[in-house]
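Engineer: Output the structure for:
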Amino acid sequence: MSFRATKPPRAVLSVLALGGVFAALAPAAKAGTGRELPSRFMAAPFSLMSLTIGYPNDGFQLRAKKLKNSDSLKVKDASKDNIYAHPALVLMLERSAKEVARFEKGSLMVVGDLSRRDGGPLSGHVSHQSGRDADVGFYLRDAAGHPVVREHFTPFEPNGHSRWESGVYFDDYRNWLLLRSWVTDTRAGLVHIFVSSGLRWRLIEYGRKDPRFARYVDDVAVLLKQPAGRSVHDDHFHVRIACPDNQEDLCQNESRLGG
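Structural biologist: Predicted coordinates for the structure are as follows:
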């Protein structure tokens with residue numbers, strides 16, 4: 001199957017291939033224009049829906065939903081132009097932030113980049129192109145266990161100590177509240193939680209020892225992984241959701257090889 005343009009595009013043609021050939025135009029100046037999709041996606045209900053097209057590292061999106069600040073969620077100032085994604089991802093982030101704050105009053109989830117409004121290449125990232133990826137900062141605490149919030153993402157050693165700031169620690173409990181909310185959220189179709197291998201093992205061991213989380217450890221362990229050949233993700237979680245069930249002809253779950 002292929003996507004083809006009806007007129008010469010302004011942007012670079014991106015070729016997508018996995019078991020067949022997918023071709024998609026890079027986002028035009030105005031969302032939803034300048035592309036030809038398979039015919040069934042040109043009519044309702046698809047013409048009214050958010051569409052995620054291509055691969056996480058070679059794709060784009062149409063009619064994305066914008067993530068907004070709330071009492072339990074704050075978008076990093078540097079990411080304010082890159083907080084568009086498929087509604088399933090945006091709603092999952094909103095639900096998880098509220099759930100953590102419900103258990104621990106005053107908790108604030110700090111979120112970084114999702115995707116650009118139309119998707120496509122995003123500076124500083126290999127993926128984040130098709131509206132299914134999001135960077136989420138860790139919950140932090142001080143030595144007394146009180147919440148700490150930073151505008152920037154803070155890198156941590158496997159022992160839970162900040163690499164940048166004395167007296168700032170990885171909040172195992174609230175980060176596990178977050179993981180539990182994700183692994184029990186069946187609506188979004190979460191497929192990956194990227195994090196450094198050192199923090200992965202820290203979280204698994206903490207979860208095994210805490211009866212509130214022990215039953216979820218096996219499921220969380222499957223999702224937690226350090227991506228090969230990429231940033232170690234020692235300062236944030238990178239979550240990715242699956243392609244929507246009704247968009248298999250447009251969307252590829254995993255990154256394009258060599259991308």
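Engineer: switch to C-alpha atoms for all contacts and neighbour counts from now on
Structural biologist: Noted.
Engineer: who's in contact with the residue nearest to Ser130 when sequence neighbours are not counted?
Structural biologist: Excluding its sequence neighbours, the residue lying closest to Ser130 (C-alpha to C-alpha, 6 or more residues apart in numbering) is Phe60, at 4.4 Å. For Phe60, the contact set (C-alpha atoms under 8 Å, 6 or more residues apart in numbering) comprises 26-27, 52-54, 118-120, 129-131.
Engineer: Next, work out how far apart Gln247 and Leu62 are.
Structural biologist: Using C-alpha to C-alpha, to the nearest Å, Gln247 is found at 12 Å from Leu62.
Engineer: So between these two, which is more surrounded?
Structural biologist: Higher neighbour count among Gln247 and Leu62: Leu62, with 24 against 14, using other C-alpha atoms under 10 Å.
Engineer: Cross the contacts of Phe60 against strands and list the overlap.
Structural biologist: In strands, judged by DSSP state E, the following of those are found: 52-54.
Engineer: Can you tell me which of the residues you listed is nearest Lys68?
Structural biologist: Thr52 (19.7 Å; C-alpha to C-alpha).
Engineer: separation between that closest one and Arg187?
Structural biologist: Taking C-alpha to C-alpha, one finds Thr52 at 16 Å from Arg187.
Engineer: who has more neighbours, these two?
Structural biologist: Of the pair Thr52 and Arg187, Thr52 is the one with more neighbours under other C-alpha under 10 Å, namely 28 against 11.
Engineer: Dig out what the more buried one forms beta bridges with.
Structural biologist: Beta-bridge pairing for Thr52 (DSSP bridges): Gln61.
Engineer: these two touch, right, it and Gln129?
Structural biologist: No - under the criterion of C-alpha atoms under 8 Å, Thr52 makes no contact with Gln129, lying 9.1 Å away.
Engineer: shouldn't Phe170 be in contact with Arg163?
Structural biologist: No - the criterion here is C-alpha under 8 Å, and Phe170 misses it with Arg163 at 10.6 Å.
Engineer: Can you check the pLDDT for the residue nearest to Ser130?
Structural biologist: Phe60 is assigned a predicted lDDT (pLDDT) of 96.
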